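[1] compute the structure for the input listed below.
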Amino acid sequence: MCEVPRRSWRRALHPWRVVLGVFALACVVVGALLPRAVGLVVAALGAALLVAAVLGPVIRQVEFGFPSGVKISTAVRDREEELRRVFEGQSGELELCAQLLLDDPATAKRLLEAAWSRTTSTWRGPAAPEIRIYVLCTLVQLSIAELRWKGGQQGSPAQAQTTPLSTLTFSERVVVVLRDFARLSNVQIAQITERALEDVERDWRQAELAVAESGQPGGTP
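    Okay, here's the model as predicted:
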């Protein structure tokens with residue numbers, strides 16, 4: 001299961017926000033004690049400061065762990081655009097990984113788009129580069145499901161190409177792509193594929209051996 005980051009108010013709040021929040025609350029309290037006209041202005045200023053400078057940034061980073069589909073929308077007006085910018089900055093690498101995992105370019109593109117769509121609907125953390133690992137995890141899960149429904153076949157014989165990757169099992173292929181092209185560690189790959197670390201390391205050794213026996217350059221020292 002691909003895990004989204006667990007965020008909390010405590011991690012999102014910074015000291016300067018706490019100070020600013022106290023000041024804003026003080027304005028609201030003082031406004032309630034002042035004459036009506038002046039008090040309303042001071043209280044309104046405090047409330048606006050509290051929402052704009054404190055609650056807004058916090059809500060922007062946190063969705064309070066609610067289930068997907070139940071989201072705070074106050075300060076998430078351009079969240080999807082931020083996520084999109086992060087994705088576009090990593091799209092070249094993600095597209096390469098998708099194409100290496102799946103022989104059919106059309107299938108690779110479709111599953112990568114599906115992985116990104118799922119990410120935008122479930123990601124609860126900030127728009128940060130760490131999204132890449134979640135997208136890769138989702139892409140692997142979708143690829144496994146795709147192959148299961150296709151009976152383990154990657155593509156039609158006409159699409160088959162003889163490459164070092166094509167000689168590997170799919171589990172070995174996943175390890176090679178995530179390690180060599182996505183630059184993930186064996187521990188991260190084990191978490192993404194929900195496999196034991198020993199199994200991932202064994203697949204890596206077998207992949208290197210298969211490439212060496214095929215007489216084609218590949219693998220890393």
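
[2] would you list every one of the helices in the protein?
    9-12, 15-33, 36-49, 56-61, 79-101, 105-122, 131-149, 170-176, 186-193, 197-214 (DSSP state H).

[3] show me what counts as buried in stretch 189-208.
    Neighbour-count burial for stretch 189-208 flags I189, A190, Q191, I192, T193, R195, V200, D203, W204, A207, E208 (criterion: 16 or more other C-beta atoms under 10 Å). For glycine as for every other residue, the C-beta is placed from the backbone atoms N, C-alpha and C.

[4] would you mind measuring the gap between the ends of that stretch?
    17 Å (C-alpha to C-alpha, to the nearest Å).

[5] just the mean pLDDT for it, thanks.
    Stretch 189-208 shows a mean pLDDT of 93 in the predicted model.

[6] what of stretch 163-183?
    On average, stretch 163-183 scores 90.

[7] can you check stretch 34-43 too?
    Per-residue scores along stretch 34-43 average to 79.

[8] relative to G39, which of the buried residues of stretch 189-208 is nearest.
    G39 lies nearest to Q191 out of the buried residues of stretch 189-208, by C-beta to C-beta, at 55.2 Å.

[9] per-domain residue ranges of this protein.
    As assigned by automatic domain parsing, the chain contains the domains 1-77, 79-214.

[10] contacting residues for the spatially closest residue to A114 that is not a sequence neighbour?
    Closest residue to A114 in three dimensions, ignoring its sequence neighbours and counting by C-beta to C-beta, 6 or more residues apart in numbering: L142, at 5.7 Å. Applying C-beta atoms under 8 Å, 6 or more residues apart in numbering to L142 gives the contacts L111, A114, A115.

[11] restricted to buried residues, select the residues you listed in PyMOL.
    Buried subset of those, written as a PyMOL selection, criterion 16+ other C-beta under 10 Å:
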select buried, resi 111+115
